[in-house]
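> mind looking at a prediction? Sequence and model below.
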Amino acid sequence: MLMLVFAPIHDAGGKVAGAVIVFRDVSTARHMSSQMTHLAQHDCLTDLPNRALLSDRITQAIEMAGRHQTLLAVLFLDLDRFKHVNDSLGHVVGDHLLLSVARRLTMCVRAADTVSRSGGDEFVILLSEVTHASDVGRTAEKIIAALTSPHSINGHELRITVSVGISIYPRDGADGETLIKNADLAMYRAKDYGRNNFQLYGPDMSTRSVERLDLESGLRGAIERQEFTLHYQSRVDIANGAVIGCEALIRWQHPERDLIPPLKFIGIAEECGLIVQIGHWVLSEVCRQIRSWEDAGLQPVPVSLNISALEFRNRRFLDSVRTVLSHTGVDPHYLEFELTESVLMENAESSSLLLKELKKLGIQVAIDDFGTGYSSLSYLSYFSVDVLKIDQSFVRDMEANPDNATIISAIIGMCEGLKCRVIAEGVETQEQRGLLLARRCREAQGYLFSRPIVAAEFARFLYPIAPDEKSAFAKCAGA
Ligand SMILES: Nc1nc2c(ncn2[C@@H]2O[C@H](COP(=O)(O)O[C@H]3[C@@H](O)[C@H](n4cnc5c(=O)[nH]c(N)nc54)O[C@@H]3COP(=O)(O)O)[C@@H](O)[C@H]2O)c(=O)[nH]1
């Protein structure tokens, strides 16, 4: 590109007598300038528009929508547990995954829409031509389905899920900033509802976000202030009701509130990374409790505890388990770690190695919420787990829903073949107990037998240690 600079030459009388014309090639300067503008408006990893360009586009779209009396939508996406991918497989794999996500998102929307990356694992999408609010839900479903099918990255088959929050103009905000903020709040609601779903913004969410911040700041330091406590729910022999184990479930005794259940704070603890510390506390406390039952002359039963994804993926997890075991001197056969299918499948290879190490230590491994997380069963033989816990949702309406009863029978049959134990969760009625017994399910947990209770109360279920004799549990376990 040429730039022309024109300078007149005047004669003695001041008249224009000629001119000097300078031609300058400004292609490089122009190219650099447009490159700089591009860089200022785009994310350097994915080359998607960044937050600044997105804001401009929302402002323009609002003007258009105002003129034509139409709607537009802002979708705030956060990849669930993306941090684990970075932590376990490294940033190069993480970056490739983000690129794959960016490509899929772009394919899910129209040319007039904007897919932007606002940093980390957060993407914001502007749907600029929305006719009905219900169409937005369909697009969100399409996005969730597109992102959850496996991503092949550097020889790894990665599965991720995404939480999506949606705000709609004009109902949820009159400007870009408000629409993004409200979509973000809705995204947190989607996380609270178990991730891998979308939520539309509602005015109550602003109050909830204050509550969330409150909980988050309270969680920091809750261990030091000794505000956590464990409740124990018995696991029984379904045939005779004998207590053969228990599950430790955390509760938070907030100084200014009632006892807070885990579903209210575990998600937040995961988001802000505190779950690793909390998990370490839970394991230490379970081990301390087992020792304390023994010291009181009671025969402990195996205790299962929930291990969250972030803990399991933490590089120091195994070391921290070994340290707790050696400090407390607890027999590892009393411990059972519950992991969900999706946690194991996030990185199947490293999960399998870690499970082997845990089993070498003598710790049992259970798959929690079985049947809800993953569609393929082939992984079961790969991991060789000790226990499958049938998710409560199957048990809940097994009387009314023959499909659920069939699934339960299939899981029990499969466990017989795989030689692993099976535990039915959430048993609340005698009918369910009877149906499970008829299907040869031996172990169960649920309100029918006991709610989670404090350690002192649970101690009533334990037998005294016989002076010269090993306990019924020890005999069964072959110890
Ligand atoms: N990472 C950690 N996660 C934890 C820990 N402690 C708990 N959790 C997670 O929170 C989930 C909810 O726990 P909770 O509110 O304690 O609910 C448990 C039981 O009370 C409930 N249950 C048991 N029996 C019944 C029943 O008959 N009906 C019914 N409606 N609910 C019942 O189920 C929860 C136990 O489920 P599970 O873990 O799948 O066995 C909990 O699921 C954990 O994910 C922690 O220390 N760390």
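Received the coordinates, thanks. Small disclaimer: the values here were computed from a predicted structure and weren't measured.
> pull the longest helix from the chain.
If you go by DSSP state H, the chain has its longest helix at helix 275-295.
> mind listing what's buried in that helix?
275-287, 289-290, 293-294 (16 or more other CB atoms under 10 Å). (Glycine included, C-beta is placed from N, CA and C.)
> among those, which are within reach of the ligand?
279, 282 (CB under 6 Å from any ligand atom).
> please enumerate residues in contact with the longest helix of the chain?
Identification of contacts with helix 275-295 by CB atoms under 8 Å, 6 or more residues apart in numbering yields 223, 228, 230, 248, 250, 266, 269, 299-300, 303, 305-308, 310-311, 314, 320-321, 324-325, 327-330, 334-335, 455, 459, 462, 465.
> what's downstream of that helix, the next helix or strand?
Per DSSP states H and E, the first helix or strand lying C-terminal to helix 275-295 is strand 303-306.
> who touches the helix or strand following that following strand?
Downstream of strand 303-306, the first helix or strand assigned by DSSP H and E is helix 309-313. Residues from elsewhere that reach helix 309-313 (CB under 8 Å, 6+ apart): 81, 83-84, 87-88, 270, 273, 275-276, 279-280, 317, 339-340, 342-343, 346-347, 351, 354.
> looking at helix 309-313 now, give me its mean pLDDT.
When pLDDT is averaged over helix 309-313, the result is 89.
> likewise stretch 429-440?
Stretch 429-440 comes out at a mean pLDDT of 95.
> list the buried residues in the host helix or strand of residue 414.
Secondary structure assigned from DSSP H and E places residue 414 in helix 402-418. Neighbour counts over helix 402-418 (16+ other CB under 10 Å) mark 404, 405, 407, 408, 409, 411, 412, 415 as buried.
> what is that helix packed up against?
helix 379-383, strand 387-390, helix 392-396, strand 421-424, helix 430-438 (3 or more CB pairs under 8 Å, 6 or more residues apart in numbering; DSSP states H and E).
> assign a three-state SS to residue 252, would you?
Look at residue 252: counting by DSSP: H, G, I helix; E, B strand; the rest coil, its state is strand.
> for the stretch 151-300 of the chain, which residues are neighbours of the ligand?
So the stretch 151-300 of the chain meets the ligand at 233, 247, 249, 250, 261, 262, 263, 266, 279, 282 (CB under 6 Å from any ligand atom).
> the host helix or strand of the second one pairs with which strands, and in what direction?
By that I understand residue 247. Residue 247 is part of strand 243-253 when elements are defined by DSSP H and E. Partner strands for strand 243-253, per DSSP bridges, with pairing direction: strand 228-237 (antiparallel), strand 259-260 (antiparallel), strand 303-306 (parallel).
> could you give me the buried positions within the last one?
Within strand 303-306, the residues scored as buried using 16+ other CB under 10 Å are 303, 304, 305, 306.
> same question for the first one.
Buried positions in strand 228-237, judged by neighbour count with 16+ other CB under 10 Å: 228, 230, 231, 232, 233, 234, 235, 236.
> what does that strand contact?
222, 242-253, 259, 278, 281-282, 285-286, 289, 301, 303-304, 423, 442-445, 449-455, 458, 461.
> can you pull the buried residues of the host helix or strand of residue 136?
If you go by DSSP H and E, residue 136 is part of helix 133-148. For helix 133-148, the neighbour count (16+ other CB under 10 Å) marks 136, 139, 140, 143, 144, 147 as buried.
> now render the strands paired with strand 243-253 as TSV, adding mean pLDDT.
Listed next are the strands paired with strand 243-253 as TSV, based on pLDDT from 0 to 100:
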stretch	mean pLDDT
strand 228-237	98
strand 259-260	95
strand 303-306	98
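> the ones you listed: which one's closest to residue 202?
Residue 202 lies closest, by CB to CB, to one member of those: strand 259-260, at 22.5 Å.
> still on that earlier bit, what about the contacts of helix 309-313, which are in strands?
Secondary structure assignment by DSSP state E places 339, 340 of the contacts of helix 309-313 in strands.
> helices of the stretch 1-150 of the chain, start to end?
Assigned by DSSP state H, counting those that start in this stretch, the stretch 1-150 of the chain shows helices spanning 27-41, 51-68, 82-89, 91-108, 133-148.
> go through these and pick out the most buried.
Highest mean neighbour count of the helices of the stretch 1-150 of the chain: helix 82-89, a mean of 19 (counted as mean count of other CB atoms under 10 Å).
> only alpha carbons, please: show it as PDB.
Written as PDB, here are the backbone C-alpha positions of helix 82-89 (Å, rounded to 0.1, in the frame of the first residue of the first chain):
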ATOM      1  CA  PHE A  82     -10.400 -28.300  33.800                       C
ATOM      2  CA  LYS A  83      -7.700 -27.700  36.400                       C
ATOM      3  CA  HIS A  84      -7.300 -31.400  36.800                       C
ATOM      4  CA  VAL A  85      -6.300 -31.800  33.100                       C
ATOM      5  CA  ASN A  86      -3.600 -29.100  33.500                       C
ATOM      6  CA  ASP A  87      -2.500 -30.600  36.900                       C
ATOM      7  CA  SER A  88      -2.400 -34.200  35.800                       C
ATOM      8  CA  LEU A  89      -1.500 -34.000  32.100                       C
END
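> list the contacts of that helix.
Under the contact criterion CB under 8 Å, 6+ apart, helix 82-89 has outside partners 93-94, 97, 120-121, 156, 158, 160, 273, 309-310, 313-315, 346-347, 350.
> cool, and stretch 9-29?
Outside of stretch 9-29, the residues within contact range by CB under 8 Å, 6+ apart are 1, 2, 3, 4, 5, 6, 7, 8.
> of the residues you listed, which is the most crowded?
residue 3 (12 neighbours; other CB atoms under 10 Å).
> quick one: contacts for that one?
Residue 3 makes contacts with 23, 24, 25, 26, as judged by CB under 8 Å, 6+ apart.
> mind doing that once more with 7 Å?
24, 26 (CB atoms under 7 Å, 6 or more residues apart in numbering).
> from residue 312, how far out is the residue of the stretch 1-150 of the chain found nearest the ligand?
In the stretch 1-150 of the chain, the residue that lies nearest the ligand is residue 81 (12.7 Å; CB to the nearest ligand atom). The gap separating residue 81 from residue 312 is 11 Å, by CB to CB, to the nearest Å.
> comparing these two, which residue is more hemmed in?
Between residue 81 and residue 312, residue 312 has the larger neighbour count (other CB under 10 Å), namely 25 against 21.
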